[in-house]
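>>> Structure, please.
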Amino acid sequence: MKIRSFAGLALAVSLCLALWVALPGHLAAQNKEPWTGAQLMQPSELATALQGRAVARPVVIDVGPAGQIKGALVAGPAHEADGMETLRKLLDSIPRDREVVIYCGCCPFAKCPNVRPAFKTLLNMGFKRPRLLNLSHNLKADWIDKGYPLADQ
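Sure thing, here's the model as predicted:
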């Protein structure tokens, strides 16, 4: 009887260890962002690109309520049905090999309800050069306070 108890205990410990090892990786995979580090664009990089020749500029799309960067197309909040519909319509007319930069800036990425659905839409529609403007804090701190151009300037 003691052998069975030991075998049962060993099995239970083995299963617990297996879950302990596998679960964090599984949770990390579920929480993985849809963009890569290479797909994040720094605000200074976009500000410089917006000063270049019009044909070389990326298409910039506002997917949130925070404010409009100079030259950006406005889709509206991507977590709302109207905003997502507008985003899809805007994207339909853009060649898939064109660089497209989306941004929201309402809040830090961890809390933003707009950037993930918008970026996933870029990927699902087959865009080859999707980018996300790295407004890690918000539009005010990462764009406006640095003196980068807004639509009303």
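
>>> From now on I want contacts and neighbour counts done on CA atoms only, so please keep to that.
OK.

>>> quick check, residue 95 in a helix?
No. Using DSSP: H, G, I helix; E, B strand; the rest coil, the secondary structure at residue 95 is coil, not a helix.

>>> What is the neighbour count of it?
12 (other Cα atoms under 10 Å).

>>> contacting residues around residue 103?
60-64, 115, 132-135 (Cα atoms under 8 Å, 6 or more residues apart in numbering).

>>> Oh, that last question was meant for residue 96, not what I typed.
Contacts of residue 96 (Cα under 8 Å, 6+ apart): 126-129.

>>> and what of residue 76?
62-65, 82-84, 86-87.

>>> Same question for residue 142.
Residues near residue 142 by Cα under 8 Å, 6+ apart: 43, 135-136.

>>> Of the contacts of residue 76, just say which sits nearest to residue 143.
residue 62 (13.2 Å; Cα to Cα).

>>> Quickly note the distance from the nearest residue to that closest one once chain neighbours are set aside to residue 36.
Counting by Cα to Cα, 6 or more residues apart in numbering, residue 74 is the residue found nearest to residue 62 once chain neighbours are left out, at 4.8 Å. Noted for residue 74: a distance of 24 Å to residue 36, by Cα to Cα, to the nearest Å.

>>> now residue 53
In terms of Cα to Cα, residue 53 sits 27 Å off from residue 36.

>>> try residue 84
Noted for residue 84: a distance of 22 Å to residue 36, by Cα to Cα.

>>> can you map out the strands along the protein?
40-41, 59-62, 73-74, 99-103, 129-133 (DSSP state E).

>>> Would you mind listing the buried residues in stretch 60-74?
Using 16 or more other Cα atoms under 10 Å as the test for burial, stretch 60-74 gives 60-64, 66-69, 71-74.

>>> Could you measure from residue 92 over to residue 102?
In terms of Cα to Cα, residue 92 sits 15 Å off from residue 102.

>>> Between those two, which has more neighbouring residues?
residue 102 (27 against 11).

>>> partners of the more buried one in the sheet?
residue 61, residue 132 (DSSP bridges).

>>> thinking it is in contact with residue 64, fair?
No. Judged on Cα atoms under 8 Å, residue 102 makes no contact with residue 64 at a distance of 9.4 Å.
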